[in-house]
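[1] Got a predicted structure here, sequence first:
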Amino acid sequence: MDYQKRQQLYGAQRRQAQRQAQASSLQPPRPPTPPQAPRPPKPPQRKYLARATLTLLALLVAGGIIWLQAPWENAIGGASLFGHKIVKPAYALTPTDVSKLTETIDVADIWDTHYLVLVNRDHSITSQPSSALAQGLIASELYSVSNTVETLYDEDILLHGRALSALEELMHAAHNAGFDTLRVSSGYRTFDMQEQLYLETPDKSLVQKPNHSEHQTGLAVDIAVLNLTQDDMNFSPAAKWLVENSWKYGLVLRYAPDKQALTHISGEPWHFRFIGRPHAWYCWQNNLCLEEYLDFLEESGGYSTTLDGMNYTVVYEKAENGRLAVPPDSNFIISSDNMGGYIVTTWE
């Protein structure tokens, strides 16, 4: 039944019900309402104006999406930063989140993971002389990559243990996805190794000075694709897959081509840095490099989110009287940022 017939039927039913009600009532029937004059038809130009407005809005939205994705698609073979379905968005910290940090701990007594330490042109590995990184204690946490992951060259490559675990999971997932040509080409470097590389590299936009390289932290790894040059890797499906999936294991593409003004390093689709899963997720979702992410944490104070059923709270702090606030009843880790701040990450 079409709309017009259905309205006629409903009108007849209403009129029949009114007549029955009037017949059984002591009140005389109400006089019929005089018919109203028909409304003048709407000017036809309004219809066309509405259609034109909707069409323009659709074009603007489509153009905006294309503009947002274009820089990354051109750089890494079509990888989109907006393709992952967010389980739950990040929220600003609430008083309840902050109130959970009811205990304090002396900075000298914390176990600093260094997962979020910033090492770049402006922040050297010795920016905080008392840190374990500056003292060279990182060597006790290094493990051989070649025992579990295929390497590009016949040489031993070392990584921080937590970064190595993440890399193993990433490479296993890549293998299951059909990318069997990924190889690790570089990991931890000593001061002497970085100095030699810096002196031998003509293009200084691709290398940091000694003590300014993430490779000296043991948390950075270079991943190559067999039979592809570094330039060709930019447009390879393997590079696209790495960018879209590395965050799941706590790794991020450290030097994106559109972040060179901040990192002072040209785009490197092979250079990945371990920072931890919630942090990697946030950077990937919001297209942030590490410099931007740490600035965001300092300005906002942190955030909370849920990933795969795990509730994370990330809080930025600066020590007060040499102490940091920590939660007494939750799992947490602390990382310095090499700029005087500390990031407390809790999960439950």
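    Cool, got the structure. Numbers count the residues shown, from 1 in each chain.
[2] How much space separates Glu214 from Cys289?
    12 Å (CB to CB, to the nearest Å). Where you see a C-beta, it was placed from the backbone N, CA and C, and this is true even at glycine.
[3] Which neighbours do the two have in common?
    Arg254 (CB atoms under 8 Å, 6 or more residues apart in numbering).
[4] Mind checking what secondary structure Ala239 has?
    In three-state terms, and counting by DSSP: H, G, I helix; E, B strand; the rest coil, Ala239 is helix.
[5] same thing with Thr126?
    Assignment for Thr126 (three-state DSSP): coil.
[6] Verify the contact between it and Asn211 for me.
    Yes: in this structure, Thr126 is within contact of Asn211 by CB atoms under 8 Å, at 5.8 Å.
[7] Give me the sheet partners of the host helix or strand of Val221 and which way each runs.
    Counting by DSSP states H and E, the element that carries Val221 is strand 220-225. Strand 220-225 has its sheet partners listed here by DSSP bridges as strand 182-186 (antiparallel), strand 268-274 (antiparallel).
[8] Give the burial count for Tyr293, as a bare number.
    Counted with other CB atoms under 10 Å, residues neighbouring Tyr293 total 21.
[9] Could you pull up the contacting residues of it?
    Tyr293 neighbours (CB under 8 Å, 6+ apart): His279, Tyr282, Cys283.
[10] Phi and psi next, for the first one.
    Dihedral pair for His279: phi -70, psi -40, per degrees, to the nearest 10.
[11] That one: how many residues sit nearby?
    With other CB under 10 Å as criterion, His279 counts 25.
[12] in terms of contact, does it touch Tyr115 like I think?
    Yes: with contact defined as CB under 8 Å, His279 reaches Tyr115; the gap is 7.5 Å.
[13] Distance of Glu317 relative to Glu244?
    Distance from Glu317 to Glu244, by CB to CB: 32 Å.
[14] Pro210 now?
    Taking CB to CB, one finds Pro210 at 33 Å from Glu244.
[15] low-scoring stretches of the stretch 1-150 of the chain, by residue?
    By pLDDT under 70, the low-scoring segments of the stretch 1-150 of the chain are 1-101, 127-139.
[16] Got the confidence number for the nearest residue to Glu298 once chain neighbours are set aside?
    Spatial nearest neighbour of Glu298, excluding adjacent residues (CB to CB, 6 or more residues apart in numbering): Tyr316 at 5.4 Å. As predicted, Tyr316 sits at a pLDDT of 96.
[17] What are the boundaries of the strands in the protein?
    Here the chain has its strands, by DSSP state E, at 91-92, 103-106, 142-144, 158-160, 182-186, 220-225, 251-255, 268-274, 302-307, 310-317, 323-326, 331-336, 342-347.
[18] so what strands line up beside the fourth one?
    So that's strand 158-160. Paired strands of strand 158-160, with direction, are strand 142-144 (antiparallel) (DSSP bridges).
[19] Contacts for the partner strand next, please.
    With CB under 8 Å, 6+ apart, strand 142-144 has contacts from Asp156, Ile157, Leu158, Leu159, His160, Gly161, Leu164, Tyr188, Gly218.
[20] Now do the same contact list for the nearest residue to the fourth one once chain neighbours are set aside.
    So the one you mean is Leu159. Computed as CB to CB, 6+ apart, the closest residue to Leu159 that is not its neighbour in sequence is Gly187, at 4.5 Å. Gly187 makes contact with Val145, Ile157, Leu158, Leu159, His215, Gly218, Ala220, Val221, Asp222, according to CB under 8 Å, 6+ apart.
[21] show me what contacts the first one?
    What it means is Val145. Thr151, Asp156, Ile157, Leu158, Leu159, Leu164, Leu167, Val184, Gly187, Val221.
[22] distance between the ends of stretch 238-258?
    One end of stretch 238-258 to the other measures 19 Å (CA to CA, to the nearest Å).
[23] Next, the buried residues of it.
    238-257 (16 or more other CB atoms under 10 Å).
[24] Average pLDDT for that stretch, rounded please.
    pLDDT averaged over stretch 238-258 gives 95.
[25] so how many other residues sit close to Val207?
    Val207 - counted by other CB under 10 Å - has 18 other residues nearby.
[26] I'd say it and Thr201 touch.
    Yes: using CB under 8 Å, Val207 is in contact with Thr201, at 4.4 Å.
[27] about what we covered before: out of the strands paired with strand 220-225, deepest packed?
    Mean neighbour count (mean count of other CB atoms under 10 Å) peaks for strand 268-274 among these, with a mean of 25.
[28] And the average pLDDT for that strand is what?
    The average pLDDT within strand 268-274 is 96.
[29] and what of stretch 176-191?
    The pLDDT scores in stretch 176-191 average 94.
[30] That stretch spans what distance, first to last residue?
    Stretch 176-191 has its terminal residues 36 Å apart, counting by CA to CA.
[31] What of stretch 339-348?
    End-to-end span of stretch 339-348 (CA to CA): 28 Å.
[32] Check the spacing between Val243 and Asp154 real quick.
    Counting by CB to CB, the gap from Val243 to Asp154 is 28 Å.
[33] Also Tyr282?
    38 Å.
[34] before we move on, what about Tyr188?
    Counting by CB to CB, the gap from Tyr188 to Asp154 is 17 Å.
[35] who has more neighbours, the two?
    More neighbours surround Tyr188 than the other of Tyr188 and Asp154, with 25 against 6 (other CB under 10 Å).
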